[in-house]
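>>> I'll drop the sequence and a predicted model, then ask my questions.
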Amino acid sequence: MPNLELLEEKEETTFFEEDEDQANGLESSRAKRLSELDEIAGIVVAGTDWTTATVLDQLVRGNIQLNPRFQRRDAWNITRKSRFIESIILGFPIPQIVLASNEKERGKFIVLDGKQRLLTILQFYGKSETPNNKFSLKDLEFRPELNGCTHEDLENNLLSAEILDPLDNQTIRTTLIRNWHTDNFLYKIFLRLNVESTPLSPQELRQALHPGEFVNFLDDQSVKSQALRKILKSKNPDFRMRDVELLLRYVAFHYFLSEYRGNLKAFLDMTCEVLNKSWKKRTDDVHYAVSQFEKAVETTIDIFGEKNFSRMWLGTSKVYRRQFNRAILDVMVFYFSDGLIREAAEKNKTAVENAFKELCSSSENGFREAVEGTTKNIRETHIRLSLWGYALLGVLDLEFNLPELVDNRIIFNGLR
């Protein structure tokens, strides 16, 4: 019988990793670095040894902000969850939890590291509204006699005090960061904490720092999106929140391309802030735009095939690169979200695919570098959008506007 978990992991979409320098502001000027050092000097980092019971209480009261939207993005299987609970019972050392004070809500904390551990505690104690709530312990190494037991089972067994007391009273090292002033500072800590573990999308932190109705909509829509399920080859929400970020990238370039200044993180943050504030006025329009994203992805798949869409064509090898490329998806949905362009492309599938292959095969036009190098600066963003637009104009019997580059700024007032 094949291991379904291993098969699912094998099928997971591999992303081409873009150069992150532009996104995370690592090319700081000396003055900026000095300012950041001043901020670091002003923060307060304190360690505390909360017990499991205290951590659970903080979670239940909502002081540690592990909201239901995150809880459905469950990355650990039951075996991993069970062995984490076993480690607490046995008093084994476990990684620390890192929290930052929420400067907007006194007494509440944003999780920088440890969400899956916190979610596991919440689920085992039966305080989460998720499919894995009240899970039964499984595949324990040192206490196999507890396999099959839930927390409720242990509570109802008078002989289980030797298990529950150590579980409730075990200390979990927790680091609290206070007196921070900029989102960018927390992003850098977040990325530094995760550099040696499973890479997490900064989108997870973005949603904690910029909550609002638009961000909630984006999260909900990413769960419903059939297009994103096909991109990620998964039936479940992505625990790294790459699905939300892909959709956010589309919305940001769709509405605010002319506001892009080469820092993708700041651009996506700004999109969340603006649309959160104007959500009531723009709800219908954003809903429509996102519905066009679904159709744009379907058209892209229809033309290139589900295996190859949004991947680089390697002309010398006459194959598509295996990794999924976010920058290529950006340009595809930018144009195919327009109904007329989409309709014309679907009538000329072979010509459109050949135009893309020719664009990728050229060593002189700069397209390859614009989707696989430092992809986030203004020049490369303009190059890939404009070159793919020109390629489409060349094979479609249709006229539409292209982004222009003026004084290192992208000028764009819509396709029509």
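Alright, I've got the coordinates.
>>> CA only for contacts and neighbour counts going forward, please
OK.
>>> in the stretch 201-350 of the chain, which spans are helices?
Counting by DSSP state H, counting those that start in this stretch, the stretch 201-350 of the chain has helices at residues 203-209, 213-224, 226-232, 242-256, 264-277, 279-304, 326-336, 339-347, 349-361.
>>> elements contacting the second one?
So the one you mean is helix 213-224. Other helices and strands packing on helix 213-224, by 3 or more CA pairs under 8 Å, 6 or more residues apart in numbering; DSSP states H and E, are helix 242-256, helix 264-277.
>>> Residue ranges in the protein under the pLDDT threshold?
The model of the chain has pLDDT under 70 over residues 1-12, 17-42, 67-72, 194-201.
>>> try 50
For the chain, applying pLDDT under 50 flags the ranges 1-10, 20-28.
>>> need the helices and strands packed on helix 213-224 in CSV with mean neighbour count and distance to residue 399, can you?
Formatted as CSV, these follow (neighbours: other CA atoms under 10 Å; distance: least, CA to CA, whole Å):
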stretch, mean neighbour count, distance to residue 399
helix 242-256, 20, 18
helix 264-277, 19, 29
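>>> With distance to residue 309 added, can I get these in CSV?
Formatted as CSV, the helices and strands packed on helix 213-224 follow (distance: least, CA to CA, whole Å):
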stretch, distance to residue 309
helix 242-256, 15
helix 264-277, 23
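>>> closest to residue 213 out of these?
Of all the helices and strands packed on helix 213-224, it is helix 264-277 that lies closest to residue 213, at 5.6 Å by CA to CA.
>>> Next, the angle from the closest one to helix 213-224.
Between the axes of helix 264-277 and helix 213-224, defined by axes from the mean of the first three to the mean of the last three CA atoms, to 10 degrees, the angle is 110 degrees.
>>> Dump helix 264-277 to PDB, restricted to CA.
Output in PDB follows, covering the C-alpha atoms of helix 264-277 (Å, rounded to 0.1, in the frame of the first residue of the first chain):
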ATOM      1  CA  LEU A 264       7.700  43.900  -3.500                       C
ATOM      2  CA  LYS A 265       7.200  43.500   0.200                       C
ATOM      3  CA  ALA A 266       6.300  47.200   0.600                       C
ATOM      4  CA  PHE A 267       4.100  47.000  -2.500                       C
ATOM      5  CA  LEU A 268       2.100  44.100  -1.200                       C
ATOM      6  CA  ASP A 269       1.800  45.700   2.300                       C
ATOM      7  CA  MET A 270       0.500  48.900   0.700                       C
ATOM      8  CA  THR A 271      -2.000  46.900  -1.300                       C
ATOM      9  CA  CYS A 272      -3.400  45.300   1.800                       C
ATOM     10  CA  GLU A 273      -3.500  48.700   3.700                       C
ATOM     11  CA  VAL A 274      -5.300  50.600   0.800                       C
ATOM     12  CA  LEU A 275      -7.900  47.900   0.000                       C
ATOM     13  CA  ASN A 276      -8.600  47.200   3.700                       C
ATOM     14  CA  LYS A 277      -9.400  50.900   4.100                       C
END
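>>> Now do it against helix 279-304, angle only.
Counting by the same axes, to 10 degrees, helix 264-277 lies at 130 degrees to helix 279-304.
>>> Nearest to residue 181, out of the helices and strands packed on helix 213-224?
Comparing these by CA to CA, helix 264-277 comes nearest, at 15.5 Å.
>>> Report all helices and strands that the closest one contacts.
With contacts defined as 3+ CA pairs under 8 Å, 6+ apart, helix 264-277 has these neighbours: helix 21-24, helix 213-224, helix 242-256.
>>> These: which one's closest to residue 180?
Taking CA to CA, helix 21-24 is the member of those nearest to residue 180, at 17.4 Å.
>>> how does the protein divide into domains?
Domains of the chain are assigned by automatic domain parsing as 44-179, 224-411.
>>> Can you classify residue 173 as helix, strand or coil?
Following DSSP: H, G, I helix; E, B strand; the rest coil, the label given to residue 173 is strand.
>>> Many thanks, I have nothing further to ask.
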